[in-house]
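1. Here is my input; please provide its structure:
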Amino acid sequence: MVVSYCDVDAGIKSYPKTDSWKEGTDCCSWDGVTWLYGSIPSNSSLFLLPHLRKLNLTSNDFNAFEMSFKFGEFSSLVYLNLSTSNFVGQVPSQVSHLSKLASLDLSRNYA
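-> Just a heads-up that it's a prediction; the model follows:
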């Protein structure tokens, strides 16, 4: 589900930041989309997206921080790519609760 294409007639409004999210445009120019560096704190707005189905954080530099246990709260997640992101440590056990997860890529995290 893409939030910016909500049914206006049904009274559903898109989140203001997603108004600039148009298919076929450079996602780096979208409002609210940035490259990440360092840790992702457990109070990050990223974790306020519980219905997220696909998350690709490839090649972001998490500066050798451990992966947050909050990744286990994405109950609708089907695809998670954290390759080449410089995470260290063990994958939190909460990730094993993601019953819909079909693809998890943790390759090339060497730190």
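2. Contact partners for the closest residue to residue 67 other than its chain neighbours?
-> With CB to CB, 6 or more residues apart in numbering as the criterion, residue 67 has its nearest non-adjacent residue at 4.9 Å, and that residue is residue 87. Glycine gets a C-beta too; all of them are placed from N, C-alpha and C. Residues near residue 87 by CB atoms under 8 Å, 6 or more residues apart in numbering: 62, 64-67, 106, 109, 111.
3. Residue 108: how many residues sit nearby?
-> Residue 108 is flanked by 12 other residues according to other CB atoms under 10 Å.
4. would it count as being in a helix?
-> No - read with DSSP: H, G, I helix; E, B strand; the rest coil, residue 108 is coil and lies in no helix.
5. I'd say residue 56 and residue 78 touch.
-> No - look at residue 56 against residue 78 with CB atoms under 8 Å: they stay out of range, at 11.8 Å.
6. thinking again about what came up before, ramachandran coordinates for the residue nearest to residue 67?
-> Reported as degrees, to the nearest 10, the phi and psi values for residue 87 are phi -80, psi 150.
7. how near is the closest residue to residue 99 other than its chain neighbours to residue 27?
-> Among residues not flanking residue 99 along the chain, residue 75 sits closest, at 7.8 Å (CB to CB, 6+ apart). Separation of residue 75 from residue 27 (CB to CB, to the nearest Å): 24 Å.
8. Likewise for residue 93?
-> 31 Å.
9. how many other residues sit next to residue 102?
-> Using other CB under 10 Å, the number of residues around residue 102 comes to 9.
10. And for residue 40?
-> 18.
11. Over to residue 62?
-> So residue 62, with other CB under 10 Å, has 21 neighbours.
12. Residue 93 too?
-> 9.
13. Could you tell me the model confidence score at the residue nearest to residue 67?
-> On pLDDT, residue 87 comes in at 81.
14. just residue 25 next, same as before
-> In this model, residue 25 carries a pLDDT of 78.
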